[in-house]
Structures are given as structure tokens and as C-alpha cells.
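Chemist: have a look at this fold, sequence not included:
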């Protein structure tokens with residue numbers, strides 16, 4: 001079994017977490033085919049939204065993974081989640097599912113509470129994640145209230161500095177929300193720490209994405 005991991009950010013923390021979660025779901029023998037293009041996220045950040053060129057490069061990465069024989073692939077950037085959505089018809093036609101890392105996390109947030117805090121280091125990740133949560137709320141026939149938490153200045157910090165900044169900013173919304181969602185998978189190593197510190201449900205995407213990847217493979221009969 002071979003799965004594609006499609007990255008637009010290549011922090012060691014994210015790669016380690018994703019590979020760990022995927023192997024936990026699919027076993028240590030799964031073959032991981034990783035494609036990385038940080039210029040996609042850089043272009044999206046510069047423009048403030050997903051423009052044609054980075055979207056086209058991302059779709060090219062999907063097609064490259066399919067050509068290399070992956071059974072399914074995991075899209076690991078929430079900033080470009082709508083590009084993954086747009087490619088779903090092609091994915092179904094060629095029999096290679098594209099799973100969004102964050103979709104089931106957003107659905108779980110809706111199930112867990114009405115007031116949902118969304119933490120992100122980039123506005124370009126904050127808005128798409130909020131959009132996905134609202135879409136999941138409609139599908140679940142629930143009303144939710146979203147509280148933004150832009151962790152300004154945290155992008156690119158080392159682990160200790162990042163955790164301190166995340167904790168500081170989580171403290172500004174903890175009393176206002178039932179659930180805290182991490183919009184970026186690279187935040188996941190702070191999940192348990194912040195959950196314990198503020199006694200809140202905290203959700204990060206890698207474990208949800210890996211579980212959905214397994215479901216997609218089961219659905220097509222690969223496992």
C-alpha cells in the first residue's frame with residue numbers, strides 16, 4: 001500500500017507528526033510518497049488568497065502522486081483546502097482519493113461545541129478553516145459561533161517559543177469558547193499541553209486526517 005503526502009509547508013514537526021499518525025492508522029509497512037512545494041504557501045501568503053499559479057502547481061502535485069501509483073493521498077495544507085475540494089471529481093474518476101487533513105477535525109469541532117475558537121499563525125489559513133467549520137455546521141444542522149485567534153508573529157519560531165506564543169494567545173480566548181481548533185497541522189504538538197492548561201477540548205488535524213485516509217482506503221477496498 002502506497003499513500004501520497006502532499007505538503008505546502010515542510011516544518012519537521014509537521015512531517016514527523018503526519019508520518020507518525022499515518023503509520024499508526026496504516027501500519028509501519030505503508031509506503032509513504034511525499035511531495036513538498038513550500039512555494040505554494042509562500043505565494044498564497046504573499047497574495048492573501050489562492051491564486052491561479054499555486055493552485056495549478058498543487059493540482060500538478062496531485063497528478064504526480066497519482067502517476068507514481070499512490071492508492072490515496074492526504075492534502076496537508078488548510079490554506080489550500082478548497083483546491084483539494086475542486087479536484088475531487090478527478091480523484092474519483094482516476095480512483096485515487098484526495099483526503100483533506102482538516103475536514104473531519106472541523107466536523108468534530110461542530111459536534112463538540114457551539115463556540116469554537118480558531119487558532120492560526122496566518123490569515124490565509126484562518127479564513128479557509130473557518131469556512132470549513134461553517135460548512136460542517138450546515139451539514140450537521142447546527143449553529144456555531146467562531147472566535148478568531150490569529151497568533152501573530154508565531155510563524156517560523158522554534159518549538160519552545162512557538163508553544164509559549166500559542167499558550168499566551170490561547171489564554172485570550174479560552175474563557176470565550178467551548179472548543180479550540182488548530183488551523184495548522186504543525187501546531188499539533190501543542191494540543192495536549194493547551195488542552196490540559198485551559199481544560200478545553202483542543203483539536204488538531206493530523207490524527208483526524210490520518211483516520212480519514214484509512215477510511216478512504218477501506219472504502220475503495222485497498223484495505
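Modeler: That came in fine, so what should we check first? Please read all numbers here as calculations on a predicted model, not as lab measurements. Numbers count the residues shown, from 1 in each chain.

Chemist: now the strands for this structure?
Modeler: For the chain, the strands defined by DSSP state E cover 2-7, 31-36, 72-75, 98-100, 115-120, 145-150, 179-182, 201-203.

Chemist: now those strands as CSV including distance to residue 63?
Modeler: Where you see a C-beta, it was placed from the backbone N, CA and C, and this is true even at glycine. Formatted as CSV, the strands of the chain follow (distance: least, Cβ to Cβ, whole Å):
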stretch, distance to residue 63
strand 2-7, 11
strand 31-36, 10
strand 72-75, 10
strand 98-100, 11
strand 115-120, 28
strand 145-150, 33
strand 179-182, 29
strand 201-203, 31
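
Chemist: tell me which of those strands lies nearest to residue 135.
Modeler: For the strands of the chain, proximity to residue 135 was assessed by Cβ to Cβ; strand 98-100 is nearest, at 11.3 Å.

Chemist: hmm, back to that, with distance to residue 191, mean pLDDT and mean neighbour count added, can I get the strands of the chain in CSV?
Modeler: Formatted as CSV, the strands of the chain follow (distance: least, Cβ to Cβ, whole Å; pLDDT from 0 to 100; neighbours: other Cβ atoms under 10 Å):
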stretch, distance to residue 191, mean pLDDT, mean neighbour count
strand 2-7, 19, 98, 23
strand 31-36, 22, 97, 16
strand 72-75, 18, 98, 27
strand 98-100, 18, 97, 25
strand 115-120, 11, 97, 24
strand 145-150, 14, 97, 17
strand 179-182, 7, 98, 27
strand 201-203, 5, 97, 21
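
Chemist: low-confidence bits of this structure, can you list those?
Modeler: Counting by pLDDT under 70, not a single residue of the chain qualifies.
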